[in-house]
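>>> coords please:
(one chain, ligands or ions: 2)
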Amino acid sequence: MAVYGVLGDIHGNREALEAALAGIDAIGVDRVICVGDLIGYNADSDACVRILQSREALCIAGNHDLIGTGQLGFERCSNKAMHSLKRTRRTLGGPEAHYVRMLPAHVVLEGKILLTHGGVRDVQQYMTRPKHFIENVALLRQDFPGIHVCFYGHTHEQRVVEIDGESARDIDPAALGRLRRDHMYFVNPGSVDASRKHGAKRAEFAVFDSGALTVRFSNIAYDDATAEGKSERAGYRIDRWRDRLYDVQRRIVGPRHVDNGAP
Ligand SMILES: [Fe+2]
Ligand SMILES: [Fe+2]
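Ligands and ions are numbered 1, 2, ... in the order given. Here you go, the predicted model:
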């Protein structure tokens, strides 16, 4: 049993990661864990990897980690994601790329806590609708029997879904009490990187106490102007002409299938 600081979808945003870690440290945890997408989108993928290594964080691979290190193609990326990931592929340092390539697809903690990025068998699946959670509970029971809490990312939203038999229902994070031992839970800690979110930019994270069975969601302001300025200057942001060019390229040479959001 331990208290975990849970991070996800950092996307090379150093300012957001440092703010989230400061928030976690203020609460006090035994271990930092991360549900993937360490790199991509922003200018500081190398720095984020090194920070997570220095914290001995337990991380898994997200789709951006796989695409940014050439283990997965751009087929299911938006133009925005593809553009920044092409840049990430060119700039990621050797030791950092090696670390990212070695990340596992899943991690099981205490025999009952699972880390996954997207769906249990599809790293690029967006688990958004009740049917997605029901499908994934079935896969989870086959692949990882005995899991009580599944932390996931990819959708960039703080969320708790409670599974009761064959039904899935959202629970208001603010009203979340102690997790029930006879139910199963999917928990998304939210996105550390808020660069593509509207409104105030805040790094999201969660703290999970596996002994008390409590999840506490939090968010903290970070220096978005600095993070965004670096990403802009380093060529991680796509202009509308290149966006159109990618559309034309996809129509002519493929890939034809493009996901809408690609967080
Ligand atoms: Fe993702
Ligand atoms: Fe992401």
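
>>> drop to CA atoms for contacts and neighbour counts, all remaining ones
OK.

>>> Tell me how many other residues surround the residue in the chain that ligand 1 sits nearest to.
Across the chain, no residue is closer to ligand 1 than residue 154, which sits at 3.7 Å (C-alpha to the ion). Residues near residue 154, counting by other C-alpha atoms under 10 Å, number 28.

>>> now residue 139
When neighbours are counted by other C-alpha under 10 Å, residue 139 registers 15.

>>> What separation is there between residue 141 and residue 2?
Between residue 141 and residue 2 the computed distance is 24 Å (C-alpha to C-alpha, to the nearest Å).

>>> Compare those two (neighbour count), which wins?
Between residue 141 and residue 2, residue 2 has the larger neighbour count (other C-alpha under 10 Å), namely 14 against 11.

>>> dump the residue contacts of the more buried one.
Contacts for residue 2 (C-alpha atoms under 8 Å, 6 or more residues apart in numbering) come out as 29, 30, 31, 209, 210, 211.

>>> from memory residue 136 sits against residue 120, does it?
Yes - in this structure, residue 136 is within contact of residue 120 by C-alpha atoms under 8 Å, at 6.2 Å.

>>> of these two, who's got more company?
Between residue 136 and residue 120, counted using other C-alpha under 10 Å, residue 120 has the larger neighbour count: 25 against 19.

>>> OK, contacts around the more buried one?
Going by C-alpha under 8 Å, 6+ apart, residue 120 touches 136, 139, 140.

>>> Could you look up the SS state of it?
Counting by DSSP: H, G, I helix; E, B strand; the rest coil, the backbone at residue 120 sits in coil.

>>> give me the low-pLDDT residue ranges for the protein?
Where the chain drops to pLDDT under 70, the residues are 254-263.

>>> sorry, back to before: the residue of the chain closest to ligand 1 in helix, strand or coil?
Following three-state DSSP, the label given to residue 154 is coil.

>>> residues touching it, list them.
8, 9, 36, 37, 62, 117, 118, 124, 126, 263.

>>> Distance to residue 105 and neighbour count added to the residues you listed, as a markdown table?
Output for the contacts of residue 154, formatted as a markdown table (distance: C-alpha to C-alpha, whole Å; neighbours: other C-alpha atoms under 10 Å):
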| residue | distance to residue 105 | neighbour count |
| --- | --- | --- |
| 8 | 14 | 32 |
| 9 | 15 | 33 |
| 36 | 9 | 33 |
| 37 | 11 | 32 |
| 62 | 8 | 31 |
| 117 | 8 | 31 |
| 118 | 10 | 24 |
| 124 | 12 | 20 |
| 126 | 16 | 21 |
| 263 | 17 | 22 |
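
>>> Near ligand 2, which residues of the stretch 1-150 of the chain? Just list them.
residue 9 (C-alpha under 5 Å from the ion).

>>> Where does the stretch 1-150 of the chain get nearest to ligand 2, residue-wise?
Nearest residue of the stretch 1-150 of the chain to ligand 2 (C-alpha to the ion) works out as residue 9 at 4.3 Å.

>>> repeat for the stretch 101-250 of the chain
The minimum distance from the stretch 101-250 of the chain to ligand 2, using C-alpha to the ion, falls at residue 154 (4.5 Å).

>>> Strand partners (parallel or antiparallel) of the host helix or strand of residue 185?
Taking DSSP states H and E as the criterion, residue 185 maps to strand 184-189. Strand pairing for strand 184-189, using DSSP bridges, gives strand 149-151 (parallel), strand 158-164 (antiparallel).

>>> Pull the distance from the shortest one to the chain's centre.
Think strand 149-151. Relative to its chain's centre, strand 149-151 lies at 13 Å (C-alpha atoms, centre = their mean, to the nearest Å).

>>> I'd like the distance between residue 11 and residue 233.
17 Å.

>>> er, residue 17 I mean
Residue 17 sits at a distance of 20 Å from residue 233 (criterion: C-alpha to C-alpha).

>>> quick one: which of these two has more around it?
The neighbour comparison of residue 17 against residue 233 (other C-alpha under 10 Å) goes to residue 17, with 28 against 10.

>>> Please name the residues that touch the more buried one.
Counting by C-alpha under 8 Å, 6+ apart, residue 17 touches 10, 48, 192, 193, 203.
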